[in-house]
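Engineer: show me the folded form of this:
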Amino acid sequence: MASLIGVVTNPNSGKNRKRGGDRKRALERAVGRHGIVRQTHDTQELRAVLHELFDAGCDHWVVDGGDGTLQWMLSEGYRVACERSGEGRARLPRVVPANGGSIDFVAHKAGIRGEATEVLRQLVAAFERGEVLEAISLDTFRMRGRLCEPAAGEVSPVQASPDERLGFDRLGFASAIGGVAQRFFEKLYEHKPVDSRTIVAVLGRSLGGAVVHSTPRPLRDLMPDALRNYLSGYLSGYADSLFTPTRARVELDGEPLAFDDFASLQVGAIDINLGGVVRTFRHAATPGVLHAQAMSMPPWGVAANIPNMVLGTPFWGRKVYDGPARHLRAVAPPGAALDPVIDGELFFGLRELTVETGPRVEIPAVCRAS
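Structural biologist: Reported below is the predicted structural model:
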């Protein structure tokens, strides 16, 4: 049976908003008779499209969007696949994460440098030659959680699909769960465009914010008024809110950590390179292993670890865990919530969450960098 390609395009991704023109038509010309193209604006549309792709027998899914679009498609696709198979675990089609978003760290990890139309042309050419493309496998994690109960008359703020009313269930590759890692993305998305220069700028302000936060007030008062006012404006929002710790009870592989305030808390299923600037989760380069990072330290300790964040080297500190894990559980204290970022997508309002290894994703060898 000939392979068939299903293409999902997200008109809301950063690069697709810039491109303009009839994006759907361009993708249809690239895929020709070898596939179908569907544009989705929300989760309900996405679920309907994924059912259509399964019904049509599409064994390759191409994502025209960024890491966030990929995360939504994998999460919803896995849920649909499990429903259709009647089993708790299911196999996904081959997936191609093209370069179509702000960072595209998954595509870069897979060695893919082309955007969706280039990917489609290479896939079509391979199919017409009768070639079966080799594939690499990437690990995912599965994050499940319980939502906070909204107050009377309120709607839960979490970005959940209709099937997540009673719980939260997502696949992903990297998550910033709390602390400066989580708030870093909130600051990052305040800037347009989001690219490697933006990452460097936000890191620089974060470092400056840590220095200002750690400087005793008497020393700050010795600064010239002009310099103090400039720093106050330039670092607005970085000296305080960015370094407010996230409080949670965290267990790794069933063992509780000895601290419950986190300057940073994150987990990854693959080793990543974020925009060529931040390298992290080196232990996740081993198949089937998650890499968890948890630290409790003052802002100056975070600042001192920024070189480790950039180089991917081990974090240092007395209250630090930086190593492999199979299972992570985090529970927010009463009245608080966990707001994880998964592959660049912000989610809000979880009472507790667990992270464990998820299904492996096969990515065919197209548009690979030499």
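Engineer: unless I'm mixing things up, residue 134 is touching residue 364, no?
Structural biologist: Yes. Using CB atoms under 8 Å, residue 134 is in contact with residue 364, at 7.3 Å. Placement of C-beta: from N, CA and C, glycine included.
Engineer: mind listing the helices for the stretch 251-370 of the chain?
Structural biologist: Ranges of helices within the stretch 251-370 of the chain are 299-311, based on DSSP state H, counting those that start in this stretch.
Engineer: coming back round to it: more neighbours, residue 134 and residue 364?
Structural biologist: Each of residue 134 and residue 364 has its neighbours counted (other CB atoms under 10 Å); residue 364 has more, 23 against 9.
Engineer: OK, contacts around that one?
Structural biologist: Residue 364 makes contact with 60, 94, 96, 123, 133, 134, 135 under the criterion CB atoms under 8 Å, 6 or more residues apart in numbering.
Engineer: quick one, phi psi at the nearest residue to it once chain neighbours are set aside?
Structural biologist: Of all residues not flanking residue 364 in the chain, residue 133 sits nearest, at 4.1 Å (CB to CB, 6 or more residues apart in numbering). Phi and psi for residue 133, reported as degrees, to the nearest 10, are phi -70, psi 140.
Engineer: for residue 133, give me the pLDDT.
Structural biologist: pLDDT, residue 133: 83.
Engineer: ok, residues contacting the host helix or strand of residue 169?
Structural biologist: Assessed by DSSP states H and E, residue 169 sits inside strand 168-172. In this structure, residues lying in contact with strand 168-172 by CB under 8 Å, 6+ apart are 71, 74-75, 78-79, 140-147, 158, 160, 163, 269, 342-343, 347, 350, 353, 358-359.
Engineer: helix or strand right after that strand?
Structural biologist: The helix or strand immediately downstream of strand 168-172 is strand 174-178, counting by DSSP H and E.
Engineer: put the alpha carbons of that next one into CSV.
Structural biologist: This file holds the C-alpha atoms of strand 174-178, laid out as CSV (Å, rounded to 0.1, in the frame of the first residue of the first chain):
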residue,chain,number,x,y,z
ALA,A,174,10.8,19.3,27.3
SER,A,175,9.0,21.0,30.1
ALA,A,176,9.8,23.9,32.4
ILE,A,177,7.6,23.2,35.4
GLY,A,178,8.5,26.0,37.8
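Engineer: please renumber so the chain begins at 45
Structural biologist: Yep, numbering from 45; the last one is strand 218-222 now.
Engineer: now do it: which elements does it pack against?
Structural biologist: For strand 218-222, the elements it packs on are helix 223-232, strand 308-312, strand 385-386, judged by 3 or more CB pairs under 8 Å, 6 or more residues apart in numbering; DSSP states H and E.
Engineer: to residue 77, which of these lies closest?
Structural biologist: strand 385-386 (35.5 Å; CB to CB).
Engineer: list the contacts of the closest one.
Structural biologist: So strand 385-386 is contacted by 115, 187, 214, 216, 218, 219, 220, 221, 225, 226, 229, 391 (CB under 8 Å, 6+ apart).
Engineer: which of those sits closest to residue 376?
Structural biologist: residue 221 (10.4 Å).
Engineer: from residue 78, how far off is the closest one?
Structural biologist: 40 Å (CB to CB, to the nearest Å).
Engineer: these two - which one has more neighbours?
Structural biologist: Counted by other CB under 10 Å, residue 221 and residue 78 do not tie: residue 221 has more neighbours, with 28 against 17.
Engineer: wait, the more buried one sits on residue 311?
Structural biologist: Yes. With contact defined as CB under 8 Å, residue 221 counts as touching residue 311 (6.7 Å).
Engineer: break this structure into its domains for me.
Structural biologist: Structural domains assigned to the chain are 49-183+404-408, 218-386, following automatic domain parsing.
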